[in-house]
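> I'll drop the sequence and a predicted model, then ask my questions.
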Amino acid sequence: MGGQAERIQIVSSPRVEHDDAAGPWYATRAAEFRAIRNSSIRFGETHEVKEKDFWKKALAEGRTRTFPGFATRLPEESKARWDEEHDAVLRLVDYVDRRRRDCEHSSLVSFAGLTAAHILGLPTVSEHPEKAQRQVPPQQLHSTTTFSRTRSVTVAPETVELAGLQVSSIAQTVVDLARWEGMEDGLIVADFMLHNGLGTSEQVAAIVEKLGPVAGIGNARLVLELMDPRIESPGESLTRWRFYEAGISGFEPQVMALLIGRRYRMDFFDNSTGTNVEFDGFEKISNPLMRNGKSFDEAMADEARRQRALRQVGIQSYRIEWKNVITAQAFERWLNDMRPYGLPY
């Protein structure tokens, strides 16, 4: 890049952390859960004395049996796979919470892990298990039932109240996911939290320090080291994690190239090699919602000019997609496929 320095200026994006958006985010998630709760009725909470009368009413109202003694009015339109899973988890949470007062021995139980991530609207790659995940502070009674698994933890978790539910806070969920599910989910949620102003690395650090030497704390500490507010999507989080796993350093996220009066943003840029890696670059062209009102042909022409301008100053660009980062093996195949085209790693 040295000989081209007079023609191009590379500008790093600032690292900004805050939690100003956390309050409105929690409020939106609470409203979402209330909508799910309002779509279901439970036998024993309605006027019907006999269960057969309850089901007669439920079926007449277009509801479907989702759990024992529990009927839900399901949406008629189909949804994307993650949205379907998300709604199903919220219905499970609703059912478990309504039953809690019937048989729960501890009032300190809170939803945690992947269940908390769904309640809080946080993206993950792991599928939610069949049972709702919960946790209780030390010395509290806990159990596993047909629909929930409750852990007893060594340190009381940081929780928030959301639509009548006790749920792990967003920062607590980052730590729990890193410890219980692994680096992918922990880092994705950590980056999402920072980028959207839902929490800070300082909040995560306080929870990690309080936990001490517990199982999985190494993952939580590594997430704390790697989390970055400049990462804009789960795919970018996974891409950066695959770089780390493969021992590839030098990439900086969301770098701006100022060139001949134009500004070009690059997802991951390594200044030492002049390499730009764009996550899901083609979707930014093919998806009408990401084209800023331009036609497909106009977006293609703009991208061609962008790539040509970057190449003229020694920057080579490579596209990477979700399928290339979903596993370490898939990423290694992508590296092998790109090396014949000049990828220097």
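Yep, it's here.
> Pull the number of nearby residues for residue 204.
Number of residues near residue 204 (other C-beta atoms under 10 Å) recorded here: 26. Glycine gets a C-beta too; all of them are placed from N, C-alpha and C.
> How about the contacts made by it?
Neighbouring residues of residue 204 by C-beta atoms under 8 Å, 6 or more residues apart in numbering: 171, 174-175, 190, 220, 223-224, 227.
> got a winner among these for most neighbours?
Greatest neighbour count in the contacts of residue 204, by other C-beta under 10 Å, goes to residue 174: 34 neighbours.
> picking up where we left off before, sitting in helices, which of the contacts of residue 204 do you find?
Among the contacts of residue 204, the members falling in helices (DSSP state H) are 171, 174-175, 190, 220, 223-224.
> In TSV, list the contacts of residue 204 along with pLDDT and distance to residue 331.
TSV is the format used below for the contacts of residue 204 (pLDDT from 0 to 100; distance: C-beta to C-beta, whole Å):
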residue	pLDDT	distance to residue 331
171	98	28
174	98	23
175	98	25
190	98	20
220	98	23
223	98	19
224	98	23
227	98	20
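> From those residues, pick the one nearest residue 19.
Ranked by distance to residue 19 (C-beta to C-beta), the contacts of residue 204 are led by residue 171 at 8.7 Å.
> what's around the spatially closest residue to the closest one that is not a sequence neighbour, how many residues?
Using C-beta to C-beta, 6 or more residues apart in numbering and skipping the chain neighbours, the partner closest in space to residue 171 is residue 203 (4.0 Å). A count of nearby residues for residue 203, using other C-beta under 10 Å, gives 21.
> ok, residue 203 touching residue 18?
No: using C-beta atoms under 8 Å, residue 203 makes no contact with residue 18, being 10.8 Å away.
> Could I get the contacting residues of the residue nearest to residue 171?
Contacts for residue 203 were tallied using C-beta under 8 Å, 6+ apart; they are 19, 169, 171.
> quick one: the last one and residue 193 touch, right?
The reference is to residue 171. Yes: Residue 171 is within contact range of residue 193, at 7.1 Å (criterion: C-beta under 8 Å).
> so what sits against both of these two?
Shared contacts of residue 171 and residue 193, defined by C-beta under 8 Å, 6+ apart, comprise residue 199.
> hmm, back to that, turn the contacts of residue 204 into CSV, columns for distance to residue 48.
As requested, those are exported to CSV (distance: C-beta to C-beta, whole Å):
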residue, distance to residue 48
171, 43
174, 44
175, 44
190, 47
220, 48
223, 49
224, 52
227, 50
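> wait, which of those is closest to residue 183?
residue 223 (6.7 Å).
> Contacts only, for that closest one.
Taking C-beta under 8 Å, 6+ apart, we find residue 223 in contact with 174-175, 178, 183, 186-187, 190, 204.
> Can you pick out the most distant pair from those?
Greatest spatial distance in those: 183 and 204, 14.0 Å, computed using C-beta to C-beta.
> for the stretch 201-345 of the chain, what are the low-confidence residue spans?
281-304, 306-307 (pLDDT under 70).
> Could I get the full set of helices for it?
With helices called from DSSP state H, counting those that start in this stretch, the stretch 201-345 of the chain shows them at 201-211, 217-226, 234-245, 283-286, 296-312, 322-325, 328-338.
> which stretches of this structure form strands?
In the chain, the strands defined using DSSP state E lie at 8-12, 40-42, 64-67, 70-72, 110-111, 132-136, 148-152, 159-162, 165-168, 251-259, 262-270, 275-279, 316-320.
> how about the ones you listed in CSV, adding distance to residue 336?
Shown next, in CSV, are the strands of the chain (distance: least, C-beta to C-beta, whole Å):
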stretch, distance to residue 336
strand 8-12, 28
strand 40-42, 50
strand 64-67, 46
strand 70-72, 48
strand 110-111, 42
strand 132-136, 38
strand 148-152, 40
strand 159-162, 45
strand 165-168, 40
strand 251-259, 18
strand 262-270, 18
strand 275-279, 15
strand 316-320, 13
